[in-house]
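S.K.: Sequence and predicted structure are below.
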Amino acid sequence: MNWGKVFYMFFTLMSLTTSAAFLYDHSIVALFIAGSVNVISTLLKIGVRNLLSAELLAGSLVADLHLLPAFFALQFYGNDPLATGLVIGAVIANLYTIFISMIESAKEKADF
């Protein structure tokens with residue numbers, strides 16, 4: 001078992017689920033956790049050298065650039081609809097990243 005891939009996929013899935021948790025309970029703490037986990041996920045993707053690594057990193061950066069402004073919109077401006085819209089964008093970006101990860105895993109299995 002490749003433990004590096006386990007941690008990588010764990011944080012990728014965790015960033016999706018914590019973003020979904022904010023959509024359920026519009027809490028600033030949930031949004032902070034979602035943003036923090038997503039930044040960790042992005043940092044783990046920086047060193048990946050796979051066929052679709054650029055797409056994985058781009059999807060994670062898009063999610064970061066949705067979650068960070070969503071946190072500031074909610075914390076400093078109290079704009080819940082804007083924060084919710086940005087988090088929905090982050091969820092879509094995280095779903096894209098998971099879809100690309102599944103394609104990457106399928107290609108690895110096909111190469112053997």
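M.R.: That came through, no problem.
S.K.: List the buried residues in stretch 60-79.
M.R.: Buried positions in stretch 60-79, judged by neighbour count with 16 or more other CB atoms under 10 Å: 60, 62-64, 66-74. Every residue, glycine included, has its C-beta placed from N, CA and C.
S.K.: Helices along the chain, start to end?
M.R.: Counting by DSSP state H, the chain has these helices, from start to end: 3-24, 28-46, 53-77, 80-111.
S.K.: Same list, those helices, but as TSV with mean pLDDT please.
M.R.: As requested, the helices of the chain are exported to TSV (pLDDT from 0 to 100):
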stretch	mean pLDDT
helix 3-24	92
helix 28-46	94
helix 53-77	95
helix 80-111	91
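S.K.: just to revisit the earlier point, could you export the buried residues of stretch 60-79 as TSV, including distance to residue 94?
M.R.: Output for the buried residues of stretch 60-79, formatted as TSV (distance: CB to CB, whole Å):
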residue	distance to residue 94
60	8
62	9
63	5
64	10
66	9
67	10
68	14
69	16
70	13
71	16
72	19
73	19
74	19
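S.K.: Closest one of those residues to residue 106?
M.R.: Residue 106 lies nearest to residue 60 out of the buried residues of stretch 60-79, by CB to CB, at 19.7 Å.
S.K.: any idea how far that closest one is from residue 36?
M.R.: Distance from residue 60 to residue 36, counting by CB to CB, to the nearest Å: 13 Å.
S.K.: Please apply the same query to residue 14.
M.R.: Summarising the geometry, the distance separating residue 14 from residue 36, computed by CB to CB, is 10 Å.
S.K.: And residue 11, by the same measure?
M.R.: From residue 11 over to residue 36 (counting by CB to CB), the distance is 10 Å.
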